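Engineer: model the following, please.
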Amino acid sequence: QVQLVESGGGLVQPGGSLSLSCVALRLPFDTYTMSWYRQAPGKERELVATIDGVGGGGGTDYADSVKGRFTISRDNAKKTVYLQMNSLKPEDTAEYYCHARGYGMRYWGKGTLVTVSS
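Structural biologist: Reported below is the predicted structural model:
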């Protein structure tokens, strides 16, 4: 059974940084497109960042709201995808979810909470 396990969430002040990790269990990780989504209270889930698997050359894409502040990366040997978040804003407060897509399948993690507040 595939599992995506997120970690790294927490409370951070505006302007601060936080790094999220997601380890994939029982998944042929390197061929899957990995993404981070987020969902703020009362809002729909939105795509934050995506990184292609080896077939896509590891290309990345970002939501306009996080471009220049967030960086997605992956370590295929460790089956882990990361989201480095800098210059955090209160509007970045949300539950952050790891997502894997490939071979017609989609998998979600359970989420990790990021709160940006002074």
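Engineer: look up phi and psi at the residue nearest the centre of the chain.
Structural biologist: Geometric centre of the chain, nearest residue: residue 36, 2.7 Å, by CA atoms, centre = their mean. Dihedral pair for residue 36: phi -120, psi 130, per degrees, to the nearest 10.
Engineer: would you check that it makes contact with residue 100?
Structural biologist: No. Look at residue 36 against residue 100 with CB atoms under 8 Å: they stay out of range, at 11.0 Å. Every C-beta, even on glycine, is put in place using the N, C-alpha and C of the backbone.
Engineer: which parts of the chain are strands?
Structural biologist: With DSSP state E, the ranges of strands along the chain come out as 3-7, 10-12, 18-25, 33-39, 46-51, 60-62, 70-75, 80-85, 94-102, 105-108, 112-116.
Engineer: check which helices and strands the second one sits against.
Structural biologist: Identification of packing neighbours for strand 10-12 by 3 or more CB pairs under 8 Å, 6 or more residues apart in numbering; DSSP states H and E yields strand 112-116.
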